[in-house]
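Peer 1: this is the structure alone, sequence omitted:
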């Protein structure tokens with residue numbers, strides 16, 4: 001993170017990406033090679049799942065303070081059960097993360113909604129997502145009118161399956177790339193908004209460079225294997241970041257050569 005120009009706001013109420021709903025998440029561990037290949041639903045199941053999705057939005061998202069109508073519509077529209085393994089489908093609309101293989105998870109619905117709202121998106125904007133995972137966050141972004149979305153995933157099999165899933169569901173405005181997300185996607189920058197769904201221990205400088213003036217970045221920052229802090233940044237005209245602490249979260253760590261190189265060069269600064 002830059003040592004200068006960062007203005008911290010007061011911390012808001014504690015938020016966590018691992019909040020457990022009344023029904024506990026299943027203790028499932030996927031092997032590294034498990035692929036998410038949802039099967040067609042029997043007749044009648046779609047209506048029941050739509051009802052679960054509506055309850056999810058009302059009980060775990062709206063009641064916790066998310067008010068952006070575009071975000072709420074997106075959370076109602078995207079079939080989360082198609083972004084989790086078939087054996088996790090019964091848990092798809094619980095308010096907790098679920099494993100998707102390769103040591104990765106699909107984030108808790110409330111955190112997805114919160115981070116999307118914090119981006120303060122407007123029609124015509126260009127958005128970069130770092131950490132495609134199952135493709136669920138990208139699908140939520142794609143449901144918001146008038147956005148162009150670029151998403152980067154470091155794990156080849158996840159990148160391929162997510163891209164195929166998004167394409168099959170008609171999200172043609174989502175552009176996918178398999179690469180180290182630490183470096184962003186410079187050919188398509190600058191971006192009006194950047195969302196990072198894995199946690200580095202500092203703000204990657206390439207992402208700062210690719211954020212447009214006036215743009216917003218939402219990113220969890222902190223040590224791997226524990227809790228991190230969710231930050232909302234806004235890029236000022238002088239290129240420096242204004243920072244807002246949004247509370248505690250828990251994400252899988254950001255990995256890749258970018259993180260290794262940054263550590264070798266002394267980032268984050270002591």
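Peer 2: Good, I have the coordinates. For clarity, every value in this text was computed on a predicted model and none was experimentally measured.
Peer 1: what ranges do the strands span in the stretch 101-250 of the chain?
Peer 2: Applying DSSP state E, counting those that start in this stretch to the stretch 101-250 of the chain gives strands spanning 104-106, 126-130, 148-153, 174-178, 191-196, 211-221, 228-235, 241-249.
Peer 1: would you mind pulling the contact partners of the longest one?
Peer 2: The reference is to strand 211-221. Under the criterion CB atoms under 8 Å, 6 or more residues apart in numbering, residues 1, 17, 115, 118-120, 189-196, 198-203, 207-208, 228-237, 239, 241, 246, 249, 251 lie in contact with strand 211-221. For the C-beta atoms, the positions are set from N, CA and C on the backbone; glycine is no exception.
Peer 1: hmm, try it at 7 Å
Peer 2: Residues outside strand 211-221 that contact it (CB atoms under 7 Å, 6 or more residues apart in numbering): 115, 118-120, 190-196, 199-203, 207, 228-235, 237, 249, 251.
Peer 1: only the buried subset of those residues, as a PyMOL command please.
Peer 2: Buried members of the contacts of strand 211-221, defined by 16 or more other CB atoms under 10 Å, are picked up in PyMOL with:
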select buried, resi 115+118+119+190+191+192+193+194+195+196+199+200+201+202+203+207+228+229+230+231+232+233+234+235+249+251
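Peer 1: returning to what we had before: including distance to residue 67 and mean pLDDT, could the strands of the stretch 101-250 of the chain go into CSV?
Peer 2: Shown next, in CSV, are the strands of the stretch 101-250 of the chain (distance: least, CB to CB, whole Å; pLDDT from 0 to 100):
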stretch, distance to residue 67, mean pLDDT
strand 104-106, 23, 94
strand 126-130, 20, 98
strand 148-153, 22, 98
strand 174-178, 25, 98
strand 191-196, 18, 98
strand 211-221, 17, 98
strand 228-235, 16, 98
strand 241-249, 15, 96
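Peer 1: which one of those lies closest to residue 89?
Peer 2: strand 104-106 (12.1 Å; CB to CB).
Peer 1: same for the closest one, what does it pack against?
Peer 2: Counting contacts by 3 or more CB pairs under 7 Å, 6 or more residues apart in numbering; DSSP states H and E, strand 104-106 is packed against strand 98-101.
Peer 1: distance between the strand it packs on and the chain's centre?
Peer 2: How far strand 98-101 lies from its chain's middle: 14 Å, per CA atoms, centre = their mean, to the nearest Å.
Peer 1: over to stretch 231-238?
Peer 2: On CA atoms, centre = their mean, the centre of stretch 231-238 falls 19 Å from that of its chain.
Peer 1: just to revisit the earlier point, of the strands of the stretch 101-250 of the chain, which approaches residue 79 most closely?
Peer 2: Going by CB to CB, the one of those nearest residue 79 is strand 104-106, 12.4 Å.
Peer 1: tell me which strands the closest one pairs with, and in which orientation.
Peer 2: strand 98-101 (antiparallel) (DSSP bridges).
Peer 1: report the mean per-residue pLDDT for the strand it pairs with.
Peer 2: Across strand 98-101, pLDDT averages out at 94.
Peer 1: do you know the pLDDT at residue 46?
Peer 2: 81.
Peer 1: let me know the secondary structure of it.
Peer 2: Put simply, residue 46 is helix when judged by DSSP: H, G, I helix; E, B strand; the rest coil.
Peer 1: what's the neighbour count on it?
Peer 2: Residue 46 has 12 neighbours, counted by other CB atoms under 10 Å.
Peer 1: how close does it get to residue 166?
Peer 2: 19 Å (CB to CB, to the nearest Å).
Peer 1: what do you get for residue 180?
Peer 2: Taken as CB to CB, the span from residue 180 to residue 166 is 20 Å.
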